[in-house]
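Participant: let's see this in three dimensions:
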Amino acid sequence: MWTNIVADPTALALAALGVALGGVLKGAIGAGAPVIGVPMLALAFDVPTAVVIFSVPNLFSNIWQVWAYRAHHLSGAFTWSFALSGLAGTIVGTFLLVGLSPGILSYVIASVVFLYVGFRLMHPQWQLGLKAATRAAAPVGLVSGVLQGAIGISAPVSISFLNAMRLERPVFIATVSAFFIAMAGVQIPMVVGFGLMNWELTLFGLSALVLILAAMPLGSALGRRLPRKAFDWLLLVVLTVIATGLLISPP
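Facilitator: Residues are numbered from 1 along each chain as shown. Modelled structure (predicted):
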């Protein structure tokens, strides 16, 4: 579908900067690279192309984080339920990738995020317990996966959900990385099967991966200096930025 891609050099430079900044954010909080990277890549290409390109670094950067934080995985069924339902949702979302007009969906998701952030501001001590979170993991993971497959960004739902659990930073990173691996692991074969991925886009994806991996150590060093409360508030700020971006410029 996308061949002989030509992008403006200035737009490519801005996209590279956005991907690198996404790597810093991912190193700091374990997530957020697509939030910056996909919209910036869309400036140089278009949204479907940006989603396809970012599927490559999304997979391999999260494999690295799952290994790096392997001692901090949650025990029990939560992670498996969350990740596998995300995988199923991504299959559905990828089928919608080409023909879906996601504007209305973006507005709905942004509104939900704003409601959640407002609730957290009014009730800063509220926390979603592991038992309740495990019961909700499958439906939340499914919705997040649909978003990932369709618009390349699952964070409005997935990060809101994990933030509500008030996880420690290493546990949060281990959990969200396993979730992202499940989604990216099925998304890449599907975009290849649908003919959406070619060698040119693969090279762009590998280039984005290099930028993200180079920037992640800086973010990780910054993240280790964050106290838990600051980490929690940073996630809320990221969610607010995401929701604002969805309202101003939906994918």
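Participant: contact partners for Gln125?
Facilitator: Residues near Gln125 by Cβ atoms under 8 Å, 6 or more residues apart in numbering: none. Bear in mind the C-beta positions are built from the backbone N, C-alpha and C, glycine included.
Participant: right, and Asp232 touches Asn163 too?
Facilitator: Yes: the pair Asp232 and Asn163 qualifies as a contact (Cβ atoms under 8 Å) at a distance of 6.9 Å.
Participant: between these two, which one's more packed in?
Facilitator: Asn163 (25 against 18; other Cβ atoms under 10 Å).
Participant: spatially nearest residue to the more buried one (excluding sequence neighbours)?
Facilitator: Leu235 (4.6 Å; Cβ to Cβ, 6 or more residues apart in numbering).
Participant: and the closest residue to Leu130 other than its chain neighbours, how far from Val56?
Facilitator: Excluding the flanking residues, the one nearest Leu130 by Cβ to Cβ, 6+ apart is Phe78, at 6.5 Å. Using Cβ to Cβ, to the nearest Å, Phe78 is found at 28 Å from Val56.
Participant: between those two, which one's more packed in?
Facilitator: Val56 (24 against 20).
Participant: quick check: which element contains the closest residue to that one other than its chain neighbours?
Facilitator: Of all residues not flanking Val56 in the chain, Gly205 sits nearest, at 2.8 Å (Cβ to Cβ, 6+ apart). Gly205 belongs to helix 199-224 when assigned by DSSP states H and E.
Participant: in that helix, what counts as buried?
Facilitator: For helix 199-224, a neighbour-count test (16 or more other Cβ atoms under 10 Å) marks 201-202, 204-205, 207-209, 211-213, 215-216, 219-220, 223 as buried.
Participant: in stretch 156-176, what counts as buried?
Facilitator: 156-167, 169-176.
Participant: low-confidence ranges, the protein, go.
Facilitator: Applying pLDDT under 70 to the chain flags residues 1-7, 97-106, 108-109, 152, 246, 249-251.
Participant: the strands in it, which residues?
Facilitator: Counting by DSSP state E, the chain has no strands to list.
Participant: can you map out the helices along it?
Facilitator: 9-29, 33-44, 47-68, 78-96, 103-122, 130-151, 155-164, 169-193, 199-224, 228-248 (DSSP state H).
Participant: was I right about Ile188 contacting Phe60?
Facilitator: No: look at Ile188 against Phe60 with Cβ under 8 Å: they stay out of range, at 10.1 Å.
Participant: what's near enough to touch the residue nearest to Leu130?
Facilitator: So Phe78 contacts Leu130, Ala133, Thr134, Ala137, Thr175 (Cβ under 8 Å, 6+ apart).
Participant: hmm, back to that, the more surrounded of Ile188 and Phe60?
Facilitator: Set Ile188 next to Phe60 and count neighbours by other Cβ under 10 Å: Ile188 wins out with 19 against 16.
Participant: for the more buried one, give its distance to Ser177.
Facilitator: Taken as Cβ to Cβ, the span from Ile188 to Ser177 is 16 Å.
Participant: what's stretch 159-166 in contact with?
Facilitator: 31-32, 112-113, 116, 120, 126-130, 133, 136, 140, 144, 172, 175-176, 232, 235-236, 238-239.
Participant: separation between the residue nearest to Asn163 and Ser61?
Facilitator: 18 Å.
Participant: what does Gly219 give?
Facilitator: Counting by Cβ to Cβ - Gly219 and Ser61 are separated by 11 Å.
Participant: mutual contacts of the two, please.
Facilitator: What both Gly219 and Ser61 touch, as defined by Cβ under 8 Å, 6+ apart, is the set Gly23, Lys26.
Participant: re the thing from before, identify, from the buried residues of helix 199-224, the entry nearest to Ala71.
Facilitator: Distances from Ala71 to the buried residues of helix 199-224, taken as Cβ to Cβ, are shortest for Ser220 (15.3 Å).
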